[in-house]
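> only geometry, no sequence info:
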């Protein structure tokens, strides 16, 4: 899809019997099963980490953090929802928390959050669009809200809880993200 | 172009976005390493983590150096102001950082780019110190410098002896 790597279209995974067996084995401490689970879901986890962080290296570190914490917390998955949905929530929470630790003070101190100009992509003509490359260049808060709302389907109320921001701020950041995308996609 | 056609185009682009993306390097190695140091954590979450003897020694050394550094730092900095304080802060931090790096010398780091991150933080510290040359008593700048130092220590500890947080 773009020059960042291989994006593979994938169907939503339901908790199939074989997935449940795999998850049960992991819950019982089977590391070989965990490796299989990793191979199966690393694409989804890394894809989400990459969109939330906007940087390859941060996304790699965040994805590792997700799988390390998942090993300890997989017993919390009871099988009453889609595993991929649960995993996406876990991934979002861990990545946001990871980003906060990594970048929080830098942004507070140097006020980098609003500096769009540093990352602004070249404007494209309408019809020639690589949305993902634009999304990762959005300012951090606008990017996180856009990814969680427009791509992952969370409501602003849920995003507000996940990110410790007000519901109004989440909506404002979403509007900001769309305005920037509109400009970058050559609509303004 | 109208706002409506942008919304339609955006919806179209969103529908085309794939959910998966493969990392360019193998992340399993680091995960496996981290899990090897935390056996059975997922099964018995109440039990405290069992540390290997080596890891215990490293942790003890880190605590000792941190305590020694903090103790001597407190004694030194009580009377220091301005550029002397900046110099003392930097020196104390360098000692603590070097001690940590020596303690973890034999241990493989969990990530490959941590030294780059350490250098980035070094550059950030240099930028703050340059600003402090003009305003050596600027409290927010001094706090910023301490913050950078803290980030470096956390980074070294995190990549060598991570403390896993809760989801």
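Ah, there it is. Values in this document were obtained by computation on a predicted structure and should not be read as measured data.
> what pairs with the closest residue to chain A within chain B across the strands?
For chain B, the nearest residue to chain A under the criterion CB to the nearest CB is residue B:20, separated by 3.3 Å. Just so you know, the C-beta spots here come from the backbone N, C-alpha and C atoms, and that holds for glycine as well. In this entry, residue B:20 is beta-bridged to residue A:8, by DSSP bridges.
> what about it, neighbour count?
Using other CB atoms under 10 Å in any protein chain shown, residue B:20 has 17 other residues around it.
> Kindly report the same for residue B:116.
Residues within reach of residue B:116, counting by other CB under 10 Å, total 11.
> same deal with the one 4 residues further on?
Residue B:120 has 16 neighbouring residues, counting by other CB under 10 Å.
> can I assume it sits in a helix?
Yes: remark: residue B:120 belongs to a helix, assigned using DSSP: H, G, I helix; E, B strand; the rest coil.
> following the helix or strand bottoming out on mean pLDDT in chain B, which helix or strand comes up?
Scoring the helices and strands of chain B by mean pLDDT, DSSP states H and E places helix B:53-77 at the bottom, with a mean of 61. Proceeding N to C from helix B:53-77, the next assigned helix or strand is helix B:82-103, under DSSP states H and E.
> so what does that following helix touch, helix or strand wise?
Packing contacts for helix B:82-103, counted by 3 or more CB pairs under 8 Å, 6 or more residues apart in numbering or on different chains; DSSP states H and E, involve helix B:53-77, helix B:114-134, helix B:139-160.
> from chain A, which residue is nearest to chain B?
Closest point on chain A to chain B, by CB to the nearest CB, is residue A:43, at 3.3 Å.
> Kindly provide the distance from the closest residue to that residue other than its chain neighbours to residue B:142.
The shortest distance from residue A:43 to any non-neighbouring residue, by CB to CB, 6 or more residues apart in numbering or on different chains, is to residue B:20 (3.3 Å). Per CB to CB, to the nearest Å, residue B:20 is found 46 Å from residue B:142.
> remind me, longest helix of chain A?
In chain A, taking DSSP state H as the definition, the longest helix is helix A:83-110.
> Give the other helices and strands that that one contacts.
Using 3+ CB pairs under 8 Å, 6+ apart: helix A:83-110 touches helix A:31-53, helix A:56-73, helix A:140-146, helix A:156-163, helix B:139-160.
> Now render the ones you listed as a markdown table, adding mean neighbour count and distance to residue A:18.
Formatted as a markdown table, the helices and strands packed on helix A:83-110 follow (neighbours: other CB atoms under 10 Å in any protein chain shown; distance: least, CB to CB, whole Å):
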| stretch | mean neighbour count | distance to residue A:18 |
| --- | --- | --- |
| helix A:31-53 | 21 | 10 |
| helix A:56-73 | 23 | 19 |
| helix A:140-146 | 23 | 33 |
| helix A:156-163 | 18 | 30 |
| helix B:139-160 | 18 | 35 |
